[in-house]
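Engineer: sequence isn't available, so here's the structure alone:
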């Protein structure tokens, strides 16, 4: 599904943010759809694991870069990235708002942000209570921030990302948004 959302950016540079063990990073490299795949994670240990899997799968690092960085402080020039993928990651980011603003900054006009996460709006009548009760929910869920579908769309729009589309399956959402031209 992510590949379908990302088709318009083939041939460009893609960041696999919060790449973890690099599952998607490796798939993006093997697809040969991008001139450069950046496997990015804050965790040095996850990047080491990613590097090990790359070696085990005999994947060339010619079009692959491993980068340790904070999603809210990306080390890329503004408007220099064609696509950014963040699989099952947003709920783990300390500040999704700062992260999405930073993603928007590095995407070129027309660049695509594709993400998936777990959401907190399965019971629509309680959405207003979710906003009010966010501090209490955060105490229960730890550092994870579970946004509602509406909050996720509003966040993308507030950061200059348009054409929000998504596919839902219960608590899981995969979405795409485009950097405005």
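Structural biologist: Okay, I see it. What you see is a predicted model, and the numbers here were worked out from it, not measured in a lab.
Engineer: list the contacts of residue 152.
Structural biologist: For residue 152, the contacting residues are 90, 117, 119, 164, 173, 175, by C-beta atoms under 8 Å, 6 or more residues apart in numbering. Every residue, glycine included, has its C-beta placed from N, CA and C.
Engineer: measure the fourth one to residue 176 for me?
Structural biologist: With distances taken as C-beta to C-beta, to the nearest Å, residue 164 is found 7 Å from residue 176.
Engineer: these two: which has the busier surroundings?
Structural biologist: Ranked by neighbour count (other C-beta atoms under 10 Å), residue 164 and residue 176 place residue 176 first, with 23 against 17.
Engineer: re the thing from before, and which of the contacts of residue 152 is nearest residue 151?
Structural biologist: residue 119 (8.5 Å; C-beta to C-beta).
Engineer: I'd assumed residue 147 was in contact with that closest one.
Structural biologist: Yes. With contact defined as C-beta atoms under 8 Å, residue 119 reaches residue 147; the gap is 6.2 Å.
Engineer: how many neighbours does residue 56 have?
Structural biologist: 9.
Engineer: remind me, longest strand of this protein?
Structural biologist: As assigned by DSSP state E, the longest strand anywhere in the chain is strand 107-118.
Engineer: in that one, which residues are buried?
Structural biologist: Neighbour-count burial for strand 107-118 flags 107, 108, 111, 112, 113, 114, 115, 116, 117, 118 (criterion: 16 or more other C-beta atoms under 10 Å).
Engineer: any chance of those residues in JSON lines, plus pLDDT and distance to residue 14?
Structural biologist: Putting the buried residues of strand 107-118 into JSON lines (pLDDT from 0 to 100; distance: C-beta to C-beta, whole Å) gives the following:
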{"residue": "107", "pLDDT": "98", "distance to residue 14": "11"}
{"residue": "108", "pLDDT": "98", "distance to residue 14": "12"}
{"residue": "111", "pLDDT": "98", "distance to residue 14": "10"}
{"residue": "112", "pLDDT": "98", "distance to residue 14": "9"}
{"residue": "113", "pLDDT": "98", "distance to residue 14": "11"}
{"residue": "114", "pLDDT": "97", "distance to residue 14": "9"}
{"residue": "115", "pLDDT": "96", "distance to residue 14": "13"}
{"residue": "116", "pLDDT": "95", "distance to residue 14": "15"}
{"residue": "117", "pLDDT": "93", "distance to residue 14": "18"}
{"residue": "118", "pLDDT": "89", "distance to residue 14": "23"}
